[in-house]
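A.B. asks: Sequence first, predicted model second:
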Amino acid sequence: MSLFDRVRFTLPLLLLLLVSVFVMFYRLGEAPLNDWDEGIYANISAEMVQSGDWLHMTLMGQPWLEKPLLPFWLNAVSFKLFGFTEFAARFFPALAGIGCVLLLYGIGRRLFSWYVGFWAALLFSLSPLFLDYHMARSGDHDVLFLFWLLASTYAFVRSWHKGAERWLILSGVAAGFAIFTRGTLGIFAIIIPLLTHALLKFKARLRRTPLDYHYRWYHWTGFALATLIIGGWWHVFAYLVYREQFIAVYIKEQFFSRITGPLQGHAGPWWFYARYLWNTEPFVTAAAALMSLFWIVRYSIAFVAPARAKKIRFTAAIILLMVWVASFAFVISFMQTKLSWYVLGMVPALYLIAASALKHTGVPRAFATIGVVALLVFYGVRLPHWDPAPSAPARDAAALIRGNVPENGFLILYRTAQWNFGRVLPATYWYLRYRGPVEPIAIDQENREYYFEREETYHLWLMQKDAVSDLEGYPEFSTFTRRDVGDWVLLEN
């Protein structure tokens with residue numbers, strides 16, 4: 001590689017690194033944890049740290065088997081390093097977000113050119129799709145899965161050159177970690193390389209031209225073993241430990257129930273994700289749709305006039321991207337459970353397809369250039385970083401409690417709407433239990449007398465302001481000190 005080529009490769013990489021570090025880490029810990037998943041994951045990792053048991057996941061003391069173990073290990077390590085903070089809960093997902101941007105640049109550079117990869121990665125790093133709820137900059141784990149999916153795809157693309165076939169084994173390693181991170185969703189890291197390779201083989205046979213690479217048996221064996229060992233060991237362990245509970249929760253509820261019905265009421269039509277993409281990022285969605293339509297129409301000529309098939313450029317890049325988008329779109333649209341963040345796995349491919357217009361001369365490149373500049377300005381103004389952090393009464397209450405009460409005491413949550421089916425909502429529980437630290441007990445009006453008459457044990461109460469009048473008639477009320485916490489009130493004896 002010449003000096004010019006090194007500079008042309010390194011400078012965009014450094015710029016993307018600087019931008020993505022700012023996007024991921026600026027004010028990362030200011031917003032409070034969200035219910036549900038972000039709070040749930042933080043609780044599981046915090047319990048792992050406190051118990052010292054890094055193999056059995058629990059939520060509020062009960063076994064939890066809905067997701068694989070790896071992301072909770074990472075969160076637990078982060079809590080050990082930074083303490084029980086929002087920044088710690090989001091640290092490794094933020095690192096993964098930076099990795100996603102850099103890997104997308106690497107994929108785009110190898111599929112098209114350095115500038116296609118650069119603009120696709122830069123727009124993606126600032127995109128409302130990437131920074132939406134449950135995605136990057138959160139303690140949720142979807143961006144961790146995306147990192148491994150992109151790592152698997154990057155290694156697969158690297159293996160397309162003679163002498164570099166060993167990269168296929170690294171693709172299997174990343175696919176294994178994708179499964180270890182997100183379970184069955186990680187299978188996409190297997191489907192995309194396998195289906196793409198099959199189509200490339202078909203193309204080579206149709207044109208009677210050899211592929212640029214040649215996988216041997218040990219390449220596929222390494223791919224399969226790496227995927228099975230890394231992605232499968234925890235599943236075997238969890239089944240041996242929990243047996244029927246693992247099958248009921250992990251297999252039936254979390255996998256089959258999402259396919260056959262709307263889990264927890266998350267329903268929608270089959271075009272749910274197309275609507276979400278259009279509402280969130282219309283320009284890139286339209287550009288990707290137009291480019292895909294252009295490719296499909298051009299390649300359809302091969303079925304109408306087979307004699308012209310050899311003259312049509314079935315490039316490996318286009319085949320990979322179409323397989324990537326089509327496989328994701330088909331599966332998530334077929335599933336009855338609809339959640340906006342399911343689409344995250346195919347979003348990088350959409351940005352690459354849209355940015356590939358920069359490879360075309362004339363009108364497509366002009367429109368693409370104008371669109372890129374307009375989007376950068378729009379994204380800079382709309383970055384969620386500029387929004388003020390919402391208030392979190394539970395976080396403020398935990399700050400008041402910390403250091404003023406015996407550790408592991410009790411706090412009564414009374415009429416705060418922060419509990420569900422007898423359990424404290426996970427984000428509220430995390431703040432009170434690990435930042436307090438107290439054990440929260442959620443009660444309603446029927447139980448207040450029992451706890452209020454035992455104020456020596458239950459001497460901390462947290463409630464909404466309009467609920468204070470329920471307790472004013474008790475003689476013990478006069479012994480409590482009142483402190484306002486936003487719309488809530490903290491009573492302390």
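C.D. replies: Sure, I can see it.
A.B. asks: where does A417 land in three-state SS?
C.D. replies: Here A417 is coil, with the state taken from DSSP: H, G, I helix; E, B strand; the rest coil.
A.B. asks: Mind telling me what element L104 is part of?
C.D. replies: Counting by DSSP states H and E, the element that carries L104 is helix 86-111.
A.B. asks: Centre of the chain to that helix, how far?
C.D. replies: 11 Å (C-alpha atoms, centre = their mean, to the nearest Å).
A.B. asks: could you say what helices and strands that helix packs with?
C.D. replies: Here helix 86-111 touches helix 3-25, helix 37-51, helix 70-82, helix 114-126, helix 142-158, helix 316-334, helix 347-355, going by 3 or more C-beta pairs under 8 Å, 6 or more residues apart in numbering; DSSP states H and E. C-beta: built from backbone N, CA, C; applies to glycine.
A.B. asks: relative to helix 316-334, how tilted is that helix?
C.D. replies: In terms of direction (axes from the mean of the first three to the mean of the last three C-alpha atoms, to 10 degrees), helix 86-111 departs from helix 316-334 by 140 degrees.
A.B. asks: Quick check, P63 in contact with D53.
C.D. replies: No. Contact between P63 and D53 fails when scored by C-beta atoms under 8 Å: they sit 11.1 Å apart.
A.B. asks: Report the inter-axis angle for the helix holding L104 versus helix 37-51.
C.D. replies: Going by the same axes, to 10 degrees, helix 86-111 makes 120 degrees with helix 37-51.
A.B. asks: Now helix 86-111: average pLDDT?
C.D. replies: Mean pLDDT, helix 86-111: 96.
A.B. asks: about what we covered before: Throw the helices and strands packed on helix 86-111 into JSON lines and include distance to A96, mean neighbour count and mean pLDDT, thanks.
C.D. replies: Listed next are the helices and strands packed on helix 86-111 as JSON lines, based on distance: least, C-beta to C-beta, whole Å; neighbours: other C-beta atoms under 10 Å; pLDDT from 0 to 100:
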{"stretch": "helix 3-25", "distance to A96": "9", "mean neighbour count": "15", "mean pLDDT": "84"}
{"stretch": "helix 37-51", "distance to A96": "14", "mean neighbour count": "22", "mean pLDDT": "95"}
{"stretch": "helix 70-82", "distance to A96": "9", "mean neighbour count": "19", "mean pLDDT": "97"}
{"stretch": "helix 114-126", "distance to A96": "13", "mean neighbour count": "24", "mean pLDDT": "91"}
{"stretch": "helix 142-158", "distance to A96": "4", "mean neighbour count": "25", "mean pLDDT": "97"}
{"stretch": "helix 316-334", "distance to A96": "19", "mean neighbour count": "19", "mean pLDDT": "94"}
{"stretch": "helix 347-355", "distance to A96": "13", "mean neighbour count": "27", "mean pLDDT": "95"}
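A.B. asks: In JSON lines: those, plus distance to A89.
C.D. replies: JSON lines is the format used below for those (distance: least, C-beta to C-beta, whole Å):
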{"stretch": "helix 3-25", "distance to A89": "13"}
{"stretch": "helix 37-51", "distance to A89": "5"}
{"stretch": "helix 70-82", "distance to A89": "6"}
{"stretch": "helix 114-126", "distance to A89": "21"}
{"stretch": "helix 142-158", "distance to A89": "13"}
{"stretch": "helix 316-334", "distance to A89": "26"}
{"stretch": "helix 347-355", "distance to A89": "23"}
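A.B. asks: For W488, find the nearest of those helices.
C.D. replies: Closest approach to W488 among those is made by helix 37-51 (17.4 Å; C-beta to C-beta).
A.B. asks: tell me what the closest one is packed against?
C.D. replies: Secondary-structure packing of helix 37-51 (3+ C-beta pairs under 8 Å, 6+ apart): strand 58-59, helix 70-82, helix 86-111, helix 426-430.
A.B. asks: quick revisit: the helices and strands packed on helix 86-111: which one's closest to R207?
C.D. replies: Counting by C-beta to C-beta, R207 lies closest to helix 316-334 out of the helices and strands packed on helix 86-111; the figure is 12.6 Å.
A.B. asks: any residues touching that closest one, and which ones?
C.D. replies: 111-112, 153, 157, 160, 188, 191-192, 195-196, 199-200, 203, 259, 270-273, 288, 292, 295-296, 338, 342-343, 345-346, 349-350, 352-353, 356 (C-beta atoms under 8 Å, 6 or more residues apart in numbering).
A.B. asks: L462 falls within a strand, correct?
C.D. replies: Yes. Counting by three-state DSSP, L462 is found in a strand.
A.B. asks: residue contacts, it?
C.D. replies: Counting by C-beta under 8 Å, 6+ apart, L462 makes contact with 393-394, 397, 411-414, 416, 432, 440, 485, 488-491.
A.B. asks: Considering those residues, which possesses the most neighbours?
C.D. replies: Greatest neighbour count in those, by other C-beta atoms under 10 Å, goes to A394: 30 neighbours.
A.B. asks: doesn't that residue fall inside a strand?
C.D. replies: No. Applying three-state DSSP, one finds A394 to be helix, outside a strand.
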